Every structure is written in C-alpha cells, then in structure tokens.
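Novice: Pasting the sequence and the predicted model now:
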Amino acid sequence: MPRKRARGLLAALVATTTVLAGCSAGGDAGLGTADKPVTITLWEGFADGETTALRDMIAKYWTPTHPNIKVEVVGDKNAQAMLTAMSGGDAPDVVMSTDSESPALWFHNNAILDLSDLAAEIKGDLDAKAVPAARAWGEQNGKVFALPFVDYDWGVFYNKELFKQAGLDPDKPPATITELEAAARKLTKVDAGGNITQLGWLPLHDEWSAINLGMAFGATFVDGNKPAISQPAVRDAITWDANLARSYDLKKVAAFTSGFTKGDNPFALGKVAMYIDGCWQATMLKDSKIDFGVMSIPASDPAHAGATDVGTNPIVIPRAAHNQKAAKEFAKFMTLNADLAGDFSNKISNLPHLTGPLTTFTTDGPTKFLATLSTSKNARAWAPVPYARMYADQLAAVVDQVYNGGADVGQALDKAQQTLTDQAKQFQ
Amino acid sequence: MIGLAFLSPWLLGFLAFTLYPVLATLYYSFTDYSLFGTPQWVGLDNYRELTHDSTFVQAFTNTLVFTALVVPLSIVLAISLALLLHRPARGLAAYRTIIFAPSIVPAAATAAIWMWLLNPQFGLVNGALRLFGAPTPPWLSDPDWAKVSVLLMSLWMIGSDMLLYLAALQDIPVDYYEAAAIDGASAWQRLRSITLPHLTPVMLFQLINALIWSFQYFSIPYIVGQQGQGKPAGSLNFYAVYLYKNAFSYLKMGYASAMAWIMFIVVMALTIIAIRTSNRWVHYAK
C-alpha cells in the first residue's frame, strides 16, 4: 500500500508540474484580434520616471493604431534579470537592453532572435532615416539581431563663465588637442599648498571618456572582429591625457576628483571647466547654475573631427518570447516612428535615432548640437563585437592602472591586448 | 508516508531551489556554458584558466586581505559596543538605536553617504581632520586607503552583531559577578574570566557568519569601486564582484561557477577550522 501511495504522490507531482509548465509556455497568439487582443511584455532598464514616460509614449503613439496588441512595460530590470528570464521558459516578448554592447553577446549565444527578415522588410526606411552609427550595434556578420531606439553620444561640456574668467572666448572653444591643452592649463587653478582648486580638463576617468578621446585621436578599437586596444591612437590619447594630469601630480588630481560621484558632478559645481560626458548631461546641467556649452571632442588631426561613440537602447526579441509576431510588429513600430523617437528622446535626455525634420524633438542648442554630431562622418559605434562589454572593462582597467596605479600606458595596453586577444578567439 | 507528505513542500523546495542549483553549478564549473544552449564539457579548463587570470588572483587577494581585517575588527568592535551599551546609563535606548540604525541602511545608501564623507579634498572627515591639523588621508583615491574606507563602511553597519552580544550579555547570571566581586576580582578579571567566555558561542557564530559574508561582499565594493571596476588601481576588485561580471556581463557561467566553487571550498575550509578549534575556546553554559 505505501508503494501505491508513493506512486500516487509521484503521479500527482508530475501532473502538477506538467500543468504549471503548460501555464508558462503558451503558444504565439499572433497579432491579436478585436475580440481577443494579445498582450506583450516589454522589459527595460530605465528608472521609474523614464519607465512612466515610455508607458505614456506607447499609450500616445502605439495604442491608438494597434488596439489588438497591448504592451505591458516592466522597468528597472538589470542585465542579470533579463538574462535569467531569457534563459528560462518565461521570457519577456521584447527586451530593451540597458547598454549597446550586450546584444551582440546575447545573439552569439543564441539568446535572442535573428531579426534579419524584419530588418530587410524595413531596410529602405532605415537606410533613409536611421542614424547609421547606432545601427551597427545590432548587426554582426550580415545578420541583424537588434533594432536601434533612441541614441546617445558624447561631447565636451565646457563652462562659459570660467572661460571668460581665464580670458578665453567661450564662442570659440578649442578645436584641436593642442588648443585643448593650452585652454586646460589656463583654466586650472592650484592653491598655495599645491592642492587643485579648479581643473581645466577632467582627465580620463572611465572607459567612456577613454573611448571618446581615443576616437578623437583616430582610434578604431577593432580590426575587423579582432580587438586592437594597443593601437597607436589609443596609446597616444591616453599618453597625452596622462601627461597633462601628471603635470599637476596624479595624486593631487586623484584627491580632487575621487570623491565626486554621479550625484555631485564637479562640472556642475563649477570645479571643472571642460570634460567629456554623454548627451543626457545637456538636460541635467540645466538644473545647475552653470552657463555651459557643448563642443565635439577636440581632435588630434582634422580627419578625426566630430568623432564620438554613438550608442542606442537596442530592441531585441528573446528566443524564448511567447508572442514573437506581435513583438516584431511592436519592435518595427518603435524603431520607425519618428514622432515617438523625438518625443521620448526629450523625456529621457537622449537623441532620436531617426534623422529628418523631427517636429517633436527639442530645439535646445546643446542637445540639437549633439544630435547633429551623432550623424557626423566620424560618429561610430566604438566596438560592435560580442566581447565589447569585456573590452570596455579592460579599457577602464587600463585607465585605472595608469592614473591610480602608476602603470606605464604601453605596458597596460599590451597586457589588455593579450587578455582580449585570448578572450576574443571564441568569437572569431 | 504522511510525515513525508507534510515535509514535501519544504523538501521539494530544497531539492529544486537549493540542492539542484548547487550540484548544477558544480557540473557547470567543468563546462563552457553561457546560460544558453548546451554546456560543453571542458574538464578542469576553467580551474586551470583561473590560475593564470591575474584579475582573479587580484580579486582573491583583495578579498582575503579584507576578510583578515574585517572579521576580527567586527568581533572586537561589536563586543566593545555591546559592553558599553550594557551598562545602565541615561538615554541608553537612544544610544542603542543610534548604533543599530546603520545596519538597516541599504548598502547603496551607505556607500553614497560615505563616498561623500570621505571625499579627500571636500569631504567632512578630512575637513574635520584639517581643523585639528591632522594629516588627511587620500581615502578613496589611494589603493590602500580605499580598502580602509570600505572597511570603515562595513564596520559602521555593525549594529546587528552588537545586538547579539547585548542579548548574550543579558543572559549571563549576575551571581557570577557577585561571587567574583566577593573574591576581589578586578574589572579586567571579571571581563576576561566571566564575560568573554560567556560570549564565545556568539563569537563563533559571528566568526562563521562574517567569514561567509566577507567572501560574498558585493554591494559596497561594487558601488565605491565605480560600478564594479575595482577602482582605484584594482584595490576594490572583490571576489563576488568579479564572479558577477563573469557570469552576467561576459556570460562565462562555467567560469563563474568554478569561481563559486573555489569560494565555497575556501569558506568551508575556514569554517571547519573554526568549528574544529572551537572546543578550545568556546564555552557553553552547562
């Protein structure tokens, strides 16, 4: 009898598991009908306010024309949550990656769908309207796996008031590295104790500042699909920047900069005159009392003028998504609707990924400038390869070793090159 | 069978959500696995690669140094605070609350507050030190001082450990102290021969907890080290942070699993040593 009971218990467990599995799996509900609309889930990594803005945008632009496909937006999802969901059987239908770099790795590992057919369907529109640089983040070896959705790029923010105080013309900011260095020296102030009280140029402090200064020196970062971190342009950019910082004593510079967090930007406090940052600062700095301007990163050579890394918020569809047809319809709409692109860019201080007369996009000077910069000939996706996240970390480590650990630029880059070459082999 | 049926909700949960994942990570540690697709058996390759990975060695060393500092200091500090707050005094409840409160502050908020306080040039701590003409350490900009900064942040959250010792202190019979006083024992002798021996079971508990916790220390080094970059100069590249990056930034789940098992073995070994030696220094009330 006990054996029979055990069998019964086991059978009940199997049945329950099967029913639960059935509940979570489900089939593709197509594009829905008026009687039976389909609901798709969208996961993204924006904070509360931005998620609310995205919901508003979807309600404003998508819902009136697509009543049969309802979209449930779930925000504040980090990469860990996204990956866990995508690897399980209950993935969201659409994912907006929190960074530009990850989708190539996800695609390489078969986590997201090949969207080449969808991209081919809208190729004409994308070719005519989309910012070319950001599209690169969703393409590998002729296949498309992510569609662009509102972009970002980088420029040099400068304090006009400090320029005037130093006898510099705020309407003619430096255009070359030589001019940048001269301005930086004029704008730096050191007290009697040797402590820096105002920095003309904020030295490289993370991977993004290194990437963008590197691009202004002509860095390409990848040679085909292979890493090229130790190329001369990267070496020259970091060497120039580190030498400038060393002339004020790296320890003094570190003491000045290390305590600042994202919340108390030294530029917004009037302590730094020029620095590299993303387009979102053009909006955020409006809350400060700083009279600022934005310029493209001064280049080492006129051929590299207007260089900037263009990123996006890539839209991907997990392989385990339940409603792939509706998800593709939604992804297509989001990437092609210019009014939505302009409107949402304003809400989250990003830039439209579509060009042309965007009536909904801001006319604010610095943001407009950065939007135009994202379409320049030297605006690029810095390293659209599957190992880009690791590459960015290696670059950050090089900057850290040089500025905080006293390492030699060449040796640090050579070591990073070796690490990346080893790791990139699996992706060749 | 009825007993098993009553036990089955927990048993199923344990098998599915604890035992299976633990054994799965052991298997994954011998594979090339990205979280997607089929794991590819690679034998000991992940473990071999770890021995050549300078970032792993750095993370392991940083975590060991931090553990060696934070575990004894947290025990000494928690006991000291408990002894102070055990004495009758006016406003005792307020003092206890003040010491306990930081332990319920989220790690992210703790990191943000201390990064502001420890700003080498504009922070309140160095501002106060300057007032007294004392030297001002480069808290967050120097690799050695950055570890000290993180240590301070951790010790600031010692309140819950202090509470355990406070409870243990209240459990010591007053008779022992009275007898010791009659025998003419000094305060130091009473502390050494009565109080501390009675606290040793809690010390053992805190020691093991602190060992596990320090190897898994993540949030504060992740935030203070600038989103897991380990700055300055890799000094805040901690074990759990590097494990997380391998798992979720690089999708090297097999490699991360190998790291997790090495961490498990080290923590288990240290825990066994602590338990095996405990009969020499832990005194249980008879």
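Specialist: Received it, and whenever you're ready, just let me know what you need. Numbers count the residues shown, from 1 in each chain, chains lettered A, B, ... in the order given.
Novice: got the contact list for A:A305?
Specialist: With CB atoms under 8 Å, 6 or more residues apart in numbering or on different chains as the criterion, the residues that contact A:A305 are A:175, A:296, A:299, A:378. (Each C-beta comes from the backbone N, C-alpha and C, glycine too.)
Novice: what do you get if the cut-off is 10 Å, keeping everything else the same?
Specialist: Shown here is A:A305, whose contacts under the criterion CB atoms under 10 Å, 6 or more residues apart in numbering or on different chains are A:175-176, A:216, A:296-299, A:376-378.
Novice: And for A:A299?
Specialist: With CB under 10 Å, 6+ apart as the criterion, the residues that contact A:A299 are A:175-177, A:180, A:213, A:215-218, A:305-307, A:378.
Novice: mind giving me TSV with these and columns for pLDDT and secondary structure?
Specialist: Output for the contacts of A:A299, formatted as TSV (pLDDT from 0 to 100; DSSP: H, G, I helix; E, B strand; the rest coil):
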residue	pLDDT	secondary structure
A:A175	95	coil
A:T176	96	strand
A:I177	97	helix
A:L180	98	helix
A:L213	98	helix
A:M215	98	helix
A:A216	98	helix
A:F217	98	coil
A:G218	97	coil
A:A305	96	coil
A:G306	96	coil
A:A307	97	coil
A:N378	97	coil
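Novice: For chain B, state which of those is nearest.
Specialist: Closest approach between those and chain B, by CB to the nearest CB: A:L213, at 17.3 Å.
Novice: List buried members of the contacts of A:A305 by neighbour count.
Specialist: Neighbour counting with 16 or more other CB atoms under 10 Å in any protein chain shown marks A:216, A:296-299, A:376, A:378 as buried within those.
Novice: what's the helix or strand for the residue of the stretch 1-150 of chain B found nearest chain A?
Specialist: Closest contact between the stretch 1-150 of chain B and chain A, by CB to the nearest CB, is at B:N119 (2.4 Å). Element membership of B:N119 [criterion: DSSP states H and E] is none; it lies in no helix or strand.
Novice: can you count the residues close to it?
Specialist: Neighbours of B:N119 under the rule other CB atoms under 10 Å in any protein chain shown: 24.
Novice: With B:L44 instead?
Specialist: For B:L44, the count of nearby residues is 11 (other CB under 10 Å).
Novice: if I look at the residue of the stretch 1-150 of chain B closest to chain A, how far off is B:A146?
Specialist: Relative to B:A146, B:N119 is positioned 13 Å away (criterion: CB to CB, to the nearest Å).
Novice: can you check B:Y165 too?
Specialist: Summarising the geometry, the distance separating B:Y165 from B:A146, computed by CB to CB, is 29 Å.
Novice: just B:G159 next, same as before
Specialist: 24 Å.
Novice: Quick check, A:P302 in contact with A:I177.
Specialist: No. Proximity of A:P302 to A:I177 does not meet the contact threshold set by CB atoms under 10 Å, at 11.2 Å.
Novice: Which one's more surrounded, these two?
Specialist: When A:P302 and A:I177 are compared for neighbours, A:I177 comes out ahead with 22 against 9, by other CB under 10 Å.
Novice: and that one, what does it touch?
Specialist: So, once contact is read as CB under 10 Å, 6+ apart, A:I177 ends up touching A:213, A:216-217, A:236-237, A:240-241, A:244, A:297-301, A:304.
Novice: Can you verify B:V150 is assigned to a helix?
Specialist: Yes. Secondary structure of B:V150 (DSSP: H, G, I helix; E, B strand; the rest coil): part of a helix.
Novice: so it touches B:F218, yeah?
Specialist: No. Assessed by CB under 10 Å, B:V150 is found out of contact with B:F218, at 11.6 Å.
Novice: Can you spell out the domain ranges of chain A, please?
Specialist: Using automatic domain parsing, the domains assigned to chain A come out as A:11-152+A:311-378, A:154-309+A:387-427.
Novice: about what we covered before: need the max-distance pair from the contacts of A:A305.
Specialist: Taking every pair in the contacts of A:A305 and measuring CB to CB, the maximum separation is 17.7 Å, between A:T176 and A:K377.
Novice: The stretch 151-300 of chain A: helices as residue ranges?
Specialist: Ranges of helices in the stretch 151-300 of chain A, per DSSP state H, counting those that start in this stretch, are A:160-165, A:177-187, A:207-216, A:232-246, A:250-257, A:281-284.
Novice: Compare these and report which one is nearest to A:Q417.
Specialist: Going through the helices of the stretch 151-300 of chain A one by one, with CB to CB as the measure, helix A:232-246 comes closest at 9.6 Å.
Novice: tell me how far that closest one is from the chain's mean position?
Specialist: For helix A:232-246, the separation from the chain centroid amounts to 24 Å (computed by CA atoms, centre = their mean, to the nearest Å).
Novice: Number of residues surrounding B:V76?
Specialist: For B:V76, the tally of surrounding residues (other CB under 10 Å) stands at 11.
Novice: between the helices of the stretch 151-300 of chain A, which gets the lowest average pLDDT?
Specialist: Taking each of the helices of the stretch 151-300 of chain A in turn, the lowest mean pLDDT turns up on helix A:250-257, with a mean of 85.
Novice: Contact residues of the stretch 101-250 of chain A facing chain B?
Specialist: Within reach of chain B by CB under 10 Å from any CB of the partner chain, the stretch 101-250 of chain A has these residues: A:101-102, A:105-106, A:108-112, A:195-197, A:205-207, A:250.
Novice: Buried among those residues? Make that a ChimeraX selection.
Specialist: Provided next is the ChimeraX selection string for whichever of those are buried by 16+ other CB under 10 Å:
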select /A:101,102,105,106,108,109,111,112,196,205,206,207,250
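Novice: Identify the residue spatially nearest to A:D343, adjacent ones excluded.
Specialist: Nearest non-adjacent residue to A:D343, counting by CB to CB, 6 or more residues apart in numbering or on different chains: A:T360, 4.1 Å away.
Novice: So which residues of the stretch 1-150 of chain A form strands?
Specialist: With DSSP state E, counting those that start in this stretch, the ranges of strands along the stretch 1-150 of chain A come out as A:38-43, A:69-74, A:94-96, A:139-140, A:143-144.
Novice: Tell me how far the third one lies from the chain's centre.
Specialist: So the one you mean is strand A:94-96. Between the mean C-alpha position of strand A:94-96 and that of its chain there is a distance of 15 Å (CA atoms, centre = their mean).
Novice: Starting from that strand, tell me which strands it pairs with and how they run.
Specialist: Strand pairing for strand A:94-96, determined by DSSP bridges: strand A:38-43 (parallel), strand A:315-316 (antiparallel).
Novice: could you dump those strands to JSON lines with mean neighbour count and mean pLDDT?
Specialist: Formatted as JSON lines, the entries for those read as follows, by neighbours: other CB atoms under 10 Å in any protein chain shown; pLDDT from 0 to 100:
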{"stretch": "strand A:38-43", "mean neighbour count": "21", "mean pLDDT": "97"}
{"stretch": "strand A:315-316", "mean neighbour count": "25", "mean pLDDT": "98"}
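Novice: of B:V150 and B:F218, who's got more company?
Specialist: For the pair B:V150 and B:F218, the greater number of neighbours falls to B:V150 (26 against 15), based on other CB under 10 Å.
Novice: show me what contacts that one?
Specialist: Remark: with contacts taken as CB under 10 Å, 6+ apart, B:V150 is in contact with B:62, B:66, B:69-70, B:111, B:114, B:139-140, B:217, B:220-221, B:224-225, B:235-236, B:238.
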